[in-house]
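J.: For reference, the sequence and a predicted model appear below.
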Amino acid sequence: MTLSIDDNETAELTLPPASPNGGGAALPPLSPPDGLTQLLPPVLEAPEVPLLGAASIRPGELEISVDRPAAALEARSVSAWFGDRKVLDRIDLVMQPNRVTALIGPSGCGKSTFLRILNRMHELVPSAALAGEVLFDGIDVYDPELRVTDARKHIGMVFQKPNPFPAMSISENVLAGLALTGIKAKKSVKDDLVEECLTKAGLWNEVKDRLRQPGAGLSGGQQQRLCIARSLAVKPKVLLMDEPCSALDPTSTRVIEETMAELQREVTIVIVTHNMQQAQRVSDHCAFFLASAGTPGVIVEAGPTSKLFGNPEDQRTADYVQGRFG
Ligand SMILES: Nc1ncnc2c1ncn2[C@@H]1O[C@H](COP(=O)(O)OP(=O)(O)OP(=O)(O)O)[C@@H](O)[C@H]1O
C-alpha cells in the first residue's frame, strides 16, 4: 500500500511491516524538511487555491469540509512506540470542535507524543510506530488517500519555544506557511492575510508599523504570537499547542491565553500544559495522562475541566491536580 502524497514521495512512503513487538505498524520514514519541521513540510506542487477556507484537495483524494471552521478530532485506541519501547497505550479521546482540550500529566507520560500523533509529526522520528486511529471530522488522518501535507495544514502546531524564521521579516514569517504549502496569492491578498492573522494572534497593534523588520527582533511573547499568526495563515481547523507559554513571562502568558480564547471561535485547540492554573483558565475539557514506572502512558481520566479539578473520579487525578505529585 502506498500513500498518495505525490510521485516523488510515494516510493519512500510504502508502508513497512509491523513493528517487532507486533503492536503497531512502523511508520514510514519522512525526512525532516531542512530545519522547517516545526512548521510544515514542503509541497512539491504549487496548486492555486483560495486562501479563505483553503483546502487543497485534488480529485480522487479524501475531501476535508471547508464549510465549518473548526473540526473535531478523535483518537481511537492510539498506542505509540519509540523502537521497542511502548510509550502510549490505547488512548481514546474526543477533542470537540471550537473547544480547548488540555492534556495534563507528569513529565514523560506521553502528552507531547500524543499531540504529535494528532498531526502526523510522530512519524518524523525514524524509530516511531503507532497503532489505532486519529479521526479528523471523521476522516482518518492516517488514511493513505489523505496527503500528509493536507493533514498538517489543517492541523497546525505551535511549539514550546517560539521559532520564528530569524532572517525573515514579521510579514514574511506570517506568510511562510503559504510558501511551504505551495499556496500562491496576490500581494493585496497577502497583505490582508498578514493583518488578519496578526490581529487574530493579538499582535497587529504592536507590529503594524514595523512589518518589514525581522521577526527575531520581537520579545519572546510577541514571537510566540507571531508563530501563532504563522500557523493561522494556512487556515487550520485545529491548533495543537505544546506548552506554548512555558518560555514566557506572566504578562505574555496572559496575552496568549486571551488569544486562545478568541481563536477558539474558529479553531479547535489542544494544548499540553504543566501549569494547572492555566489548564483551568483556558480549557473546557481535560485529559489526565499518567505513566506508572516502566509502563506506557494512559489516560486516567478525561472530562470537563471543572469536573477534573473540582470533583475528579480517580484519586490519582485528585492528587495530581492538587499538586501532591508530578
Ligand atoms: N524521539 C524520541 N525517541 C525516543 N523516545 C522518546 C522520543 N520522544 C519522547 N520519547 C519518550 O517517550 C516518552 C513520552 O515522552 P513525551 O515527550 O511524549 O512525554 P511528555 O508527557 O510530553 O513529557 P514532558 O511533560 O516532560 O514534555 C518518554 O519516556 C520519552 O523519553
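T.: Received, thanks.

J.: quick one: the helices in the stretch 201-326 of the chain?
T.: For the stretch 201-326 of the chain, helices defined by DSSP state H, counting those that start in this stretch occupy the ranges 204-207, 220-232, 250-263, 276-282, 305-310, 315-321.

J.: Go ahead and name everything in contact with the host helix or strand of R76.
T.: Using DSSP states H and E, R76 maps to strand 73-82. Applying CB atoms under 8 Å, 6 or more residues apart in numbering, the contact partners of strand 73-82 are 19, 21, 23-24, 86-95, 110, 113-114, 117-118, 122, 125, 127-136, 155, 238, 268, 270, 296. For every residue, glycine as well, the C-beta is placed using N, CA and C.

J.: Of the helices of the stretch 201-326 of the chain, flag the one that's most buried.
T.: helix 220-232 (a mean of 25; mean count of other CB atoms under 10 Å).

J.: what packs against it?
T.: Helix 220-232 sits against strand 155-158, helix 170-181, helix 187-200, helix 204-207, strand 238-242, helix 250-263, with contacts defined as 3 or more CB pairs under 8 Å, 6 or more residues apart in numbering; DSSP states H and E.

J.: Relative to the ligand, which of these is closest?
T.: strand 238-242 (7.7 Å; CB to the nearest ligand atom).

J.: quick one: that closest one to helix 250-263, angle?
T.: 160 degrees (axes from the mean of the first three to the mean of the last three CA atoms, to 10 degrees).

J.: how about the residues of the protein near the ligand?
T.: Within the chain, the residues that sit near the ligand (CB under 6 Å from any ligand atom) are 82, 87, 105, 107-113, 125.

J.: quick one: which of those residues is most hemmed in?
T.: K111 (27 neighbours; other CB atoms under 10 Å).

J.: what sits against it?
T.: 103-105, 272, 289, 297.

J.: What does V234 show for phi and psi?
T.: V234 adopts backbone torsions of phi -100, psi 10, taken as degrees, to the nearest 10.

J.: Going forward, the N-terminal residue is numbered 24.
T.: New numbering, starting at 24: the last item is V257.

J.: Give the closest residue to it in space, chain neighbours not counted.
T.: Nearest residue to V257, sequence neighbours excluded (CB to CB, 6 or more residues apart in numbering): G200, at 4.4 Å.

J.: I'd say the one you found and I251 touch.
T.: No - between G200 and I251 there is no contact under CB atoms under 8 Å: 11.6 Å.

J.: one step back: so what's the residue count around the residue nearest to V257?
T.: 24.

J.: With G225 instead?
T.: Applying other CB under 10 Å, we find 20 residues neighbouring G225.

J.: Would you mind giving the helices of the stretch 224-349 of the chain as JSON lines with mean pLDDT added?
T.: JSON lines is the format used below for the helices of the stretch 224-349 of the chain (pLDDT from 0 to 100):
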{"stretch": "helix 227-230", "mean pLDDT": "95"}
{"stretch": "helix 243-255", "mean pLDDT": "93"}
{"stretch": "helix 273-286", "mean pLDDT": "90"}
{"stretch": "helix 299-305", "mean pLDDT": "96"}
{"stretch": "helix 328-333", "mean pLDDT": "97"}
{"stretch": "helix 338-344", "mean pLDDT": "96"}
